[in-house]
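1. Take a look and give me a structure for this.
(chains A, B, C and D)
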There are 2 protein chains.
Amino acid sequence: MVDQLSERQRDILGIVVREHVSTAKPVGSDVVCQLCSFGVSSATIRNEFAYLTETGFLTQPYTSAGRVPTAKGYRYFVEQLMEESELPVSEQLLIRHQFHQISLDLDQWMKLAAAVLAHVSGSAALIAAPQAQRARFRHVQLISISEHTGLMILVLQDSSVHQQMMLFSRPIAQEELTRLCSKLNEQFGNVDLETLRAQARFDAAEPQAKLEAEVVQRILELIDVHTTMKTREIYRDGLAHVLRAPEFVEIERAREIVEVLERDSALEAMFREAQIANGVQVIIGGEGKWDEIRDCSVILSGYGLPGEATGVLGVLGPMRMPYGRTIPAVRYVASVMSDLLLRLYGE
Amino acid sequence: MVDQLSERQRDILGIVVREHVSTAKPVGSDVVCQLCSFGVSSATIRNEFAYLTETGFLTQPYTSAGRVPTAKGYRYFVEQLMEESELPVSEQLLIRHQFHQISLDLDQWMKLAAAVLAHVSGSAALIAAPQAQRARFRHVQLISISEHTGLMILVLQDSSVHQQMMLFSRPIAQEELTRLCSKLNEQFGNVDLETLRAQARFDAAEPQAKLEAEVVQRILELIDVHTTMKTREIYRDGLAHVLRAPEFVEIERAREIVEVLERDSALEAMFREAQIANGVQVIIGGEGKWDEIRDCSVILSGYGLPGEATGVLGVLGPMRMPYGRTIPAVRYVASVMSDLLLRLYGE
DNA sequence: CTTAGCACTCTTGCAATTAGAGTGCTAAGT
DNA sequence: ACTTAGCACTCTAATTGCAAGAGTGCTAAG
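-> Numbering: from 1, shown residues only, chains lettered A, B, ... in the order given. You can find the predicted model right below:
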């Protein structure tokens, strides 16, 4: 990315990107000529085109067609040329308002966030639930369902609630479960995960408290699952939007994208990168790593409370995307979600 | 549907359906002629074609092409002609095994059910979480998050767990919350919903127990939401499968379907019907009611414990669908889910 | 360095043609 | 009265050719 572009080349690249984004067609030299402010002829533009094509910022779909930006071209545009246009304040307020309308519920928020993001971006929206980096025990409750089954409810320090069924090897009454829970809640009240783990090992050695040992075991398992970010819920919306883009008229391409969007593991791979980087992350054309989305771009942003609980949200759309509008939109929704989480998890 | 078809007409219709399902192309008279057992010429078949077309079981995509079954044709096939071929026992066992592999967790089961259904049917799988017809209180827990916020966890008789954040108008400590919960749990232990509702009205009149009144209020709200089936979670999988069908090469059609599959409300409308009927329900070509899926079929089945908690699952695919295989598949997965729920909710 | 001019390339759209599939009808056969 | 061979007819799908147009690359002159 050491290529130095002249002022004019930058301008031309910018024009080509903007024009191509809005028309979806290759951009010819005289179109640029008419749009650009410096008075030069289309022949000059053509010379510059030749250079930009040689250096990999543009391509031609076929010999002697207009030019189309490459992934490298878009990248340059996003990093150097683009100017972001914030969401209009009225829309910002509308969004914030919608979140405050609904109840204080993470699940609802996630769905709304996906819907809002899909709406403002016109692309497919993705959002992964926030996840704690390190989890601490807060509360456990065991509820007897039948003689041999119970429902365990676990609340962690980050306010996440987890539930799991348990099968008991002997009949156990609610009273015994309640007693056990009181004990555990008191005992583990503000204990570190490591301490808890040590405790578990200790308990396992003592055969008399079989039930307790098992419950503790389960608690640890759930915490592990919660922390490894393998299983977090991914919310999607506006999937149909991407099928609107002309680059997906051939159903094959469209199916490929839908398959990626459906496969949690594929998305997690991208999310992982974005969660580490801070700020908005733009993946253009799969960046060589994800061939299935070679003509898509993904705009992601982490959100949440760093160190406490963080998630990832963003959009996936055609590479030919209005970055200048979409990036601020993603950033804004991320900030709204962060604010909400701050309220939810307490200060 | 009073049309009487002769033995031979039925046979021909069956052949056309089966052939069209496997080739996706209009079926000509001599193809049928070669496939049918009774020795008649293609001219005779053509005469029968004319009748079947007139009575609305078949159509021609254009004058002088082969015949294609109409929705009515498929309907007749499904109800009278089709013979179901059960899933091979090996596959049945494999499926059951998969469910027993994973932990005793409804959410996991739903995801797996969707995946399995998508896999065996080769279409898009849909599954709505089971929902209680009438809900009874079982347990409530309030956990202090910060001075002014608390997390309410509500467990109903059907083992469903609900959570909601609460904002307090005055600082409240965990002790007070715990005390309140104990009281409520004892008081409402096995109380009917109606009694609870009456209680709430009574409480509202007494100003001194503001917190308690609000908690009870929230509990009732959650139960309402849980029972109205407006909000239950819908799991999807194998969405990309339907884009494989040749009827969706024109992206427009494909987008329409994806839009329907994405919109919860659209699916709920269909689910509602299937939940009432028992056994497997087949909706062919939208049945005049849902134009967006005019060339799709939906196969649905209720599952769960009637009177206790029931859900709906099924698949959506092109109208040209191997009903004889798909219907048993849906039925089988529904039965597996019912068995699992029986275990989960206790006998 | 810029630009006018021009030949060249490639797509796109349109029309005409052909081959083939499959029908519908008629008239003859059983 | 049902069946069937025969045949004209219709419509699609694939191929071809052609003309228009867009846009380029190159060259030579400003």
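
2. Mind checking what secondary structure residue A:271 has?
-> Secondary structure assignment for residue A:271 (DSSP: H, G, I helix; E, B strand; the rest coil): helix.

3. residue ranges with poor pLDDT in chain A?
-> A:1-3, A:202-209, A:229, A:346-347 (pLDDT under 70).

4. what about 80?
-> Flagging of chain A using pLDDT under 80 yields the residue ranges A:1-3, A:37-38, A:103-104, A:133-135, A:189-210, A:228-231, A:277-278, A:307-308, A:344-347.

5. Which residue lies nearest the spatial centre of it?
-> With distances taken as CA atoms, centre = their mean, the residue of chain A nearest its centroid is residue A:313 (2.8 Å).

6. That one bridge partners, please.
-> Counting by DSSP bridges, residue A:313 is bridged to residue A:127, residue A:301.

7. and the angle from the host helix or strand of residue A:252 to helix B:251-262?
-> Under the criterion of DSSP states H and E, residue A:252 resides in helix A:251-262. Taking axes from the mean of the first three to the mean of the last three CA atoms, to 10 degrees, helix A:251-262 and helix B:251-262 form an angle of 20 degrees between their directions.

8. From the contact counts, what lies against helix A:251-262?
-> Judged by 3 or more CB pairs under 8 Å, 6 or more residues apart in numbering or on different chains; DSSP states H and E, helix A:251-262 is in contact with helix A:239-242, helix A:264-276, strand A:309-318, helix B:239-242, helix B:251-262. Any C-beta I mention is one placed from the backbone N, CA and C, and that applies to glycine too.

9. Pick the most buried one from those.
-> strand A:309-318 (a mean of 26; mean count of other CB atoms under 10 Å in any protein chain shown).

10. how about the helices and strands packed on helix A:251-262, which one is nearest DNA strand C?
-> Evaluated over the helices and strands packed on helix A:251-262, closeness to DNA strand C peaks at helix B:251-262, with 16.6 Å, by CB to the nearest atom of the strand.

11. Any chance you could list what contacts that closest one?
-> A:237-240, A:243-244, A:248-249, A:251, A:254, A:258, B:124, B:126, B:236, B:239, B:242-243, B:247-248, B:266-267, B:290, B:292-293, B:295-296, B:316 (CB atoms under 8 Å, 6 or more residues apart in numbering or on different chains).

12. residues from chain A in reach of DNA strand D?
-> A:25-26, A:28-31, A:42-43, A:46, A:49-50, A:53, A:60, A:64-67 (CB under 7 Å from any atom of the strand).

13. if we go to 6 Å?
-> Contact residues (CB under 6 Å from any atom of the strand) of chain A with DNA strand D: A:28-29, A:43, A:46, A:49-50, A:64-67.

14. and the two most separated of the residues you listed?
-> A:43 and A:65 (17.3 Å; CB to CB).

15. and the two? which has more neighbours close in?
-> Here residue A:43 and residue A:65 are compared on neighbour count by other CB atoms under 10 Å in any protein chain shown; more neighbours surround residue A:65, at 13 against 10.

16. How about that one: what's its closest non-neighbour residue?
-> residue A:26 (4.8 Å; CB to CB, 6 or more residues apart in numbering or on different chains).

17. check contacts around residue A:199.
-> Contacts for residue A:199 were tallied using CB under 8 Å, 6+ apart; they are A:188, A:191, A:216.

18. one more time with 7 Å
-> For residue A:199, the contacting residues are residue A:216, by CB atoms under 7 Å, 6 or more residues apart in numbering or on different chains.

19. Now name the helix or strand holding it.
-> helix A:193-205.

20. for DNA strand C, what are the nearby residues on chain A?
-> With the criterion set to CB under 6 Å from any atom of the strand, chain A comes near DNA strand C through A:40-41, A:43-44, A:47, A:62-64.

21. Could you rerun that using 7 Å?
-> Within chain A, the positions near DNA strand C by CB under 7 Å from any atom of the strand are A:39-41, A:43-44, A:47, A:62-65.

22. from those residues, which is closest to DNA strand D?
-> Nearest to DNA strand D among the residues of chain A next to DNA strand C, counting by CB to the nearest atom of the strand, is residue A:64 at 3.9 Å.

23. Using the three-state scheme, assign that closest one.
-> Here residue A:64 is recorded as coil under three-state DSSP.

24. Tell me the buried residues in stretch A:122-130?
-> The neighbour-count check on stretch A:122-130 (16 or more other CB atoms under 10 Å in any protein chain shown) flags A:122-130 as buried.

25. I figured residue A:157 hits residue A:138, correct?
-> Yes. With contact defined as CB atoms under 7 Å, residue A:157 reaches residue A:138; the gap is 5.1 Å.

26. More neighbours: those two, which one.
-> A count of neighbours by other CB under 10 Å puts residue A:138 above the other of residue A:157 and residue A:138, at 21 against 18.

27. sec struct for the more buried one, please.
-> Three-state assignment for residue A:138 (three-state DSSP): strand.

28. same deal with the one 5 residues further on?
-> Under three-state DSSP, residue A:143 falls in the strand class.

29. Next up, the contacts around it.
-> Applying CB under 7 Å, 6+ apart, the residues contacting residue A:143 are A:150-151, B:138-139, B:155.

30. gap between residue A:170 and DNA strand C?
-> Noted for residue A:170: a distance of 69 Å to DNA strand C, by CB to the nearest atom of the strand, to the nearest Å.

31. Quick check: that residue is in a strand.
-> No. Residue A:170: not assigned to a strand; according to three-state DSSP it is coil.

32. Count the neighbours of it for me.
-> Residues near residue A:170, counting by other CB under 10 Å: 8.

33. What of residue A:227?
-> 15.

34. Correct me if wrong: it contacts residue A:136.
-> No. Contact criterion CB under 7 Å: residue A:227 and residue A:136 do not qualify, at 10.7 Å.

35. Mind checking what secondary structure the closest residue to residue A:160 other than its chain neighbours has?
-> Spatial nearest neighbour of residue A:160, excluding adjacent residues (CB to CB, 6+ apart): residue A:226 at 6.5 Å. What three-state DSSP gives for residue A:226 is helix.

36. what does residue A:230 give?
-> Following three-state DSSP, we place residue A:230 in the coil state.

37. circling back: can I assume the residue nearest to residue A:65 is in contact with residue A:64?
-> No. The pair residue A:26 / residue A:64 is not scored as a contact, 10.2 Å apart, by CB under 7 Å.

38. Between the two, which is the more surrounded one?
-> For residue A:26 versus residue A:64, neighbours defined as other CB under 10 Å are more numerous around residue A:26 (18 against 6).

39. and that one, backbone torsions?
-> Main-chain torsions, residue A:26, degrees, to the nearest 10: phi -60, psi 150.
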